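Chemist: can't give you the sequence, but here's the structure:
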């Protein structure tokens, strides 16, 4: 895999502002089986692998997305990114955050929809893996973010941050991948919102057994399943969605993965529930759309 292309390696973590820390911790450690790695500065850091954190929870009067962290392989590439962003006139906050943020160096800025982003290198690594658990997780795989102007947001991630387009659903939703090649590390779309915001976070178990165990646990705990077992047409992944106090989470496996030297030609897929779930072909109203389903999911999050 080439390190010369200026592009993040992977989705690293999501930092959330939460109203009820106890309720949030219950969700992220039970329904999503993450492990507390540290409590520091009022924040709780949770991990699913050797990385110090995949999720950060911070109590706040106004809940919402605090930051999406994207990992860059090394300091040299991060320095290139800083020069690149500043050269484009993008306002960037840069800092050394080993003691306070558990990453060696970071760059912070926002996408066109106002979603707060961070590029970082060298997150602290934990010396041992998480304790054994019923549901195994390989990685935090992707986020989907709101965008008032999907084309403008997609252009930013493609032309400024170096992600490659994987697929579009008409021009409502764009999926983009990073160097690790998963079909999408970032998705952007309107979802009926006037601006940005977090739609959902996806975690990657190794296979169907772990997905189904996760589903059984979610049902037992009483968290609502917002979209049940399905297979996405764009990514081919199989999984389900469920809502917690802070956002919707997805558990899915089997996503397409692209080689760095063989990027795909992005497809322009039709709207339709069978794009959201190929198993629904011929079983539902063809006028229903992926965007409509995502809107419903966002409304559930807001309690609407």
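Modeler: Done, it's in. This structure is a prediction, so every number in the text was calculated from the model and none was measured.
Chemist: from residue 270, how far off is the nearest residue to residue 199 once chain neighbours are set aside?
Modeler: Leaving aside its sequence neighbours, residue 199 sits nearest to residue 144 (CB to CB, 6 or more residues apart in numbering; 4.2 Å). No exception for glycine: its C-beta is placed from N, CA and C like everyone else's. Residue 144 sits 19 Å away from residue 270, going by CB to CB, to the nearest Å.
Chemist: and the strands in the stretch 101-250 of the chain, which stretches?
Modeler: Using DSSP state E, counting those that start in this stretch, the strands found in the stretch 101-250 of the chain span residues 103-110, 116-123, 139-146, 164-169, 173-177, 186-189, 198-204, 225-231, 238-243, 248-253.
Chemist: can I get the ones you listed in JSON lines with mean neighbour count and distance to residue 259?
Modeler: Shown next, in JSON lines, are the strands of the stretch 101-250 of the chain (neighbours: other CB atoms under 10 Å; distance: least, CB to CB, whole Å):
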{"stretch": "strand 103-110", "mean neighbour count": "20", "distance to residue 259": "27"}
{"stretch": "strand 116-123", "mean neighbour count": "21", "distance to residue 259": "23"}
{"stretch": "strand 139-146", "mean neighbour count": "24", "distance to residue 259": "17"}
{"stretch": "strand 164-169", "mean neighbour count": "22", "distance to residue 259": "11"}
{"stretch": "strand 173-177", "mean neighbour count": "26", "distance to residue 259": "11"}
{"stretch": "strand 186-189", "mean neighbour count": "27", "distance to residue 259": "19"}
{"stretch": "strand 198-204", "mean neighbour count": "24", "distance to residue 259": "18"}
{"stretch": "strand 225-231", "mean neighbour count": "17", "distance to residue 259": "23"}
{"stretch": "strand 238-243", "mean neighbour count": "22", "distance to residue 259": "22"}
{"stretch": "strand 248-253", "mean neighbour count": "24", "distance to residue 259": "19"}
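Chemist: as JSON lines, the ones you listed with mean pLDDT and distance to residue 263 would be great.
Modeler: As requested, the strands of the stretch 101-250 of the chain are exported to JSON lines (pLDDT from 0 to 100; distance: least, CB to CB, whole Å):
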{"stretch": "strand 103-110", "mean pLDDT": "98", "distance to residue 263": "25"}
{"stretch": "strand 116-123", "mean pLDDT": "98", "distance to residue 263": "21"}
{"stretch": "strand 139-146", "mean pLDDT": "97", "distance to residue 263": "17"}
{"stretch": "strand 164-169", "mean pLDDT": "96", "distance to residue 263": "5"}
{"stretch": "strand 173-177", "mean pLDDT": "97", "distance to residue 263": "8"}
{"stretch": "strand 186-189", "mean pLDDT": "96", "distance to residue 263": "15"}
{"stretch": "strand 198-204", "mean pLDDT": "96", "distance to residue 263": "21"}
{"stretch": "strand 225-231", "mean pLDDT": "95", "distance to residue 263": "23"}
{"stretch": "strand 238-243", "mean pLDDT": "98", "distance to residue 263": "24"}
{"stretch": "strand 248-253", "mean pLDDT": "98", "distance to residue 263": "22"}
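Chemist: how close does residue 164 get to residue 182?
Modeler: 11 Å.
Chemist: helix or strand with the lowest mean pLDDT in the chain?
Modeler: helix 290-302 (a mean of 58; mean pLDDT, DSSP states H and E).
Chemist: where's residue 83, which helix or strand?
Modeler: helix 75-87 (DSSP states H and E).
Chemist: so which residues make contact with that helix?
Modeler: 3, 6, 72, 92, 94, 104-105, 107, 109, 119-122, 160 (CB atoms under 8 Å, 6 or more residues apart in numbering).
Chemist: one more: stretch 51-63?
Modeler: With CB under 8 Å, 6+ apart as the criterion, stretch 51-63 contacts 12-19, 21, 24-25, 28, 32, 34, 37-38, 42-48, 66-67, 102, 123-126, 140, 201, 246.
Chemist: now do the buried residues in the helix or strand harbouring residue 67.
Modeler: Secondary-structure element containing residue 67, defined by DSSP H and E: strand 64-71. Within strand 64-71, the residues that count as buried by 16 or more other CB atoms under 10 Å are 65-71.
Chemist: list the buried residues in stretch 269-278.
Modeler: Those would be 269, 271-277, for stretch 269-278 by 16+ other CB under 10 Å.
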